[in-house]
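>>> Got a predicted model here, sequence first, then my questions.
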Amino acid sequence: MRVLVGRIFHESHSFNPILTRHEDFAVTRGPKLLDEASGSTLSGIVGALRSAGAEPVATLSAMARPGGPIEHSVYADLKAEILDTARLEKVDAVAFELHGAMTTDRLHDAEGDFLSSLRDLVGPGIPIGAGLDLHAHVTEAMLRAADIVTACKHNPHSDVVEAGERTARLVLAALAGEIHPVTALVKLPMLLRGRLETDLPPLSDLHARARAWHAREPRLLDVSICNVHSYLDVPDLGQAVLAIADRDDDLAARAATDIAAEMWRRREDFVDALPGVDEAIDMVDAQPERRPWVLADRGDRVLAGAPGDSPEILRRLIECGSTLRSVTPVTDPASVAIARQEGVGATIRLDIGGKLTRGLSPLTLDVRVEALTDGRFVMRGPYQAGQPSSLGNTAIVTAGSHTVMLTSLSGLTQDPAAFTSQGIDLAAHDLVVAKSGYHFKLSFEGIATPLVVDTPGLTNWRPGFFPYRHARPFYPEDEIVPDGMSAALFRRQ
């Protein structure tokens, strides 16, 4: 059994004005990707195939941090390279890791386009599987092209490897004729305003409901609850419930509709109550025994597609005269260039951050340049452990008790390796700012006390904040009632 494998992974933010280009992708080609994709859905796919005695046939792995839509020619080149490999290889099945919320400056549904092109190439008889992120925008084009579409179940995403294993296992079962999958999809025209961690109600209750369905119905193969990426402006935006059953249309439809109906019933429960910046600073001040703290900058989450250029938490620390020892990452290539020109040891005045995100402004500080690096590091994980990443050219500068990590690229600072790789000792500080909202809790466990902070920016969605054009109408931007709870069914002969 030869199974074509690979990955194109990007979570696109329709309101981030900076396009994602070639240089933003880390690309691994050929057999090398089979051993490098640790801590990911792709590694789960590869491991499960090998355990089953199947041969994974490598194409490429292309991964970029979340950000603005992909420049279309970049996506087109990556897709063409994968299809060229697929034409040359004789394979029995296909299994890919995709995010599910990838757009280009010309396409609303890049994954649907990609899977459709794969289907056209390999023909109707080859099983295709896709392992998605929990925040996927699931479309009918994806489900028409693929036999198996499944997503991870946890947020933070602690089960991405398991999602890959499940993808491979179901694809191989379909290839062997052991299952004949039918997928039911229920879409709800709704965004969730908060409480998006799956170990907290109401999401924990919905996932428990899904597990109960799975436990009592042996022919139910999988249930995925996809809480769509909120920063997409695409048609048919909304929550998705996917249920895959073996030869049983009615079972798949009943499971998907039951869970979706409960989500809609509890829609008012999805609201966060987060501390503001001043309250968060007071908490760090008042509880020294819990230091260091890691403060999640909710409004400037790079992992949700923001530029990472907000200095707002640092601004309040400066304004209130705090002597807390802090570390703040800020995307600011212009300031990095000035620091590199002046050199280590120089004292300079910089306008830090606030240059990329609408509504933010720079913070003017006199700083000392402490270090200059190339910004390269390898993620510690567990989320995406082993994945190479880069902050771009980086300058470490200080102003009193405050350290600023100025980066040229939007950094994946949900991972402590982003800081330690640049020579920053986290234990020597009272607080560190992470441009993340969920995954930082996994990676900073045992290192720092986590706290999500209500901050301004492109990833703190509130009704009326973003000028959606293609996605509306949806709740709660609009007064809307779904047209029943009917499931669309997808099956391949």
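Thanks, I have the structure now.
>>> Which helix or strand contains the nearest residue to Trp213 once chain neighbours are set aside?
Closest residue in space to Trp213, ignoring its immediate chain neighbours: Ala255 at 4.6 Å, by Cβ to Cβ, 6 or more residues apart in numbering. Where you see a C-beta, it was placed from the backbone N, CA and C, and this is true even at glycine. Assigned by DSSP states H and E, Ala255 falls within helix 249-265.
>>> did I read that right, Leu170 in a helix?
Yes. Under DSSP: H, G, I helix; E, B strand; the rest coil, Leu170 sits within a helix.
>>> what's the neighbour count on it?
Residues lying near Leu170 (other Cβ atoms under 10 Å) number 26.
>>> Show me the beta-bridge partners of the nearest residue in space to it that is not next to it in sequence.
When the adjacent residues along the chain are set aside, Leu170 lies closest to Ile148, with 4.5 Å between them (Cβ to Cβ, 6+ apart). As for beta bridges, Ile148 partners with Gly129 under DSSP bridges.
>>> Pull the residues that contact the very next helix or strand once past the helix holding Ala255.
The helix or strand immediately downstream of helix 249-265 is helix 277-286, counting by DSSP H and E. Contacts to helix 277-286, defined as Cβ atoms under 8 Å, 6 or more residues apart in numbering, come from residues 275, 291, 293, 295, 312-313, 316-317, 320, 322, 324, 430-431, 451, 453-455.
>>> Narrow these to those that are buried.
Buried members of these, counted by 16 or more other Cβ atoms under 10 Å: 291, 293, 295, 312-313, 316-317, 322, 324, 430-431, 451, 453-455.
>>> for Leu360, phi and psi?
phi -100, psi 160 (degrees, to the nearest 10).
>>> and it, how many neighbours does it have?
The burial count for Leu360: 22, using other Cβ under 10 Å.
>>> do the one 10 residues further on as well
Each residue near Glu370 was counted by other Cβ under 10 Å, and the total is 16.
>>> now the one 4 residues further on
For Asp374, the tally of surrounding residues (other Cβ under 10 Å) stands at 12.
>>> For the closest residue to it other than its chain neighbours, which residues are in contact?
Leaving aside its sequence neighbours, Asp374 sits nearest to Asn393 (Cβ to Cβ, 6+ apart; 6.4 Å). By Cβ under 8 Å, 6+ apart, the contact list for Asn393 reads Pro333, Val336, Ala337, Arg340, Leu372, Thr373, Asp374, Gly375, Thr407, Ser408.
>>> and Asn393, what pLDDT?
Each residue has a pLDDT score; the one for Asn393 is 98.
>>> pretty sure Ala58 is touching Asp35, no?
No. Look at Ala58 against Asp35 with Cβ atoms under 8 Å: they stay out of range, at 9.8 Å.
>>> okay, these two: which has more neighbours?
Set Ala58 next to Asp35 and count neighbours by other Cβ under 10 Å: Ala58 wins out with 21 against 12.
>>> For the more buried one, what is the enclosing helix or strand?
If you go by DSSP H and E, Ala58 is part of strand 55-64.
>>> related to what we said a few turns ago, now for the residue nearest to Trp213, how many residues are close by?
For Ala255, the number of neighbouring residues by other Cβ under 10 Å comes to 28.
>>> Check the one 4 residues further on too.
Neighbours of Ile259 under the rule other Cβ under 10 Å: 25.
>>> Residues in a beta bridge with Val404, which ones?
With DSSP bridges as the rule, Val404 is bridged to Thr328, Val397.
>>> so how far is Leu118 from it?
Here the distance between Val404 and Leu118 works out to 44 Å (Cβ to Cβ, to the nearest Å).
>>> Could you check which of the two is surrounded by more residues?
Val404 (28 against 21).
>>> Show the pLDDT at that one.
pLDDT for Val404: 98.
>>> in terms of contact, does it touch Ile352 like I think?
Yes. Using Cβ under 8 Å, Val404 is in contact with Ile352, at 6.3 Å.
>>> quick one: common contacting residues for these two?
Pro311, Leu314, Val330, Leu365, Val367.
>>> was I right about Glu370 contacting Thr398?
Yes. At 5.6 Å, Glu370 counts as touching Thr398 under the criterion of Cβ under 8 Å.
>>> picking up where we left off before, I'd like the shared contacts of Val404 and Ile352 written out as a markdown table, with distance to Gly464 added.
Listed next are the shared contacts of Val404 and Ile352 as a markdown table, based on distance: Cβ to Cβ, whole Å:
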| residue | distance to Gly464 |
| --- | --- |
| Pro311 | 25 |
| Leu314 | 28 |
| Val330 | 28 |
| Leu365 | 33 |
| Val367 | 37 |
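>>> which of the residues you listed tops the neighbour count?
Greatest neighbour count in the shared contacts of Val404 and Ile352, by other Cβ under 10 Å, goes to Val330: 28 neighbours.
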